[in-house]
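S.K.: When you get a sec, could you give me coordinates for this:
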Amino acid sequence: MCRFSLLRGRKKKNVSKDALSASLRHAGWRGLAALSCLAFYLDKSNSPPNSTSKAAYVDKLMRPLNALDELYRLVASFIRSKRTAACVNTACSASGVGLLSVSSELCSRLGACHIIMCNSGVHRCTLSVTVEQATILARSHGLPPRYIMQATDVMRKQGARVQNTAKNLGVRDRTPQSAPRLYKLCEPPPPAGEE
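M.R.: Reported below is the predicted structural model:
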């Protein structure tokens, strides 16, 4: 089912952005939950002969599946959480920053596509792209963890965020002040002389 088919057939034309966003998240989650498959075939001819080694072998196979299961639960909790005053300064806040990181990891483990949308393409999207680029460098290309923040900083100053900010000069920055530190580091550099 195409997620945008949710928009067709609606008689009510005055749908809020939050309601539309929530319905898209729920539709996406239903599709993702359908992919959940923890059954696998264990080829016993490849397993070690003694029981201790066999237990370690099975644990090695199950650990990624258990992590995937935990990521499913986290994404589900972010999607179900209501935007209340209690979660203003937490990962479940209206900005959805916590959901960005967790869904990115889940999509990566599933080999799925990760699509992020925001009002102008400047703030949440490019912040996420910048952090995601550094994460991919670490995960897939051997960038040591101690250099992730440095790589994020370089991409923040020279990457997609700078280009998109230049295209959207008159657009107000809606990045919430409560965004976690990792995303605050992705804000554009201050103009020369204001440091």
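S.K.: On the three-state scheme, residue 71 is what?
M.R.: helix (DSSP: H, G, I helix; E, B strand; the rest coil).
S.K.: what's around it, how many residues?
M.R.: 18 (other C-beta atoms under 10 Å). For glycine as for every other residue, the C-beta is placed from the backbone atoms N, C-alpha and C.
S.K.: Which residue is the nearest non-sequential neighbour of it?
M.R.: Excluding the flanking residues, the one nearest residue 71 by C-beta to C-beta, 6 or more residues apart in numbering is residue 106, at 4.3 Å.
S.K.: For that neighbour, give me the pLDDT.
M.R.: We have a pLDDT of 82 for residue 106.
S.K.: That one - how many residues pack around it?
M.R.: Neighbours of residue 106 (other C-beta under 10 Å): 19.
S.K.: Could you say which helix or strand holds it?
M.R.: helix 97-110 (DSSP states H and E).
S.K.: so after that helix, what's the next helix or strand?
M.R.: According to DSSP H and E, the helix or strand after helix 97-110 is helix 124-141.
S.K.: in that next one, what counts as buried?
M.R.: Buried residues in helix 124-141, counted by 16 or more other C-beta atoms under 10 Å: 124-135, 137-138.
S.K.: Looking at residue 144 now. What's its pLDDT?
M.R.: 90.
S.K.: Can you tell me, leaving aside adjacent residues, what's nearest to it?
M.R.: Nearest to residue 144 is residue 138, by C-beta to C-beta, 6+ apart, at 7.6 Å.
S.K.: remind me which residues of this structure are low pLDDT?
M.R.: 1-14, 32-44, 82-97, 117-124, 161, 171-195 (pLDDT under 70).
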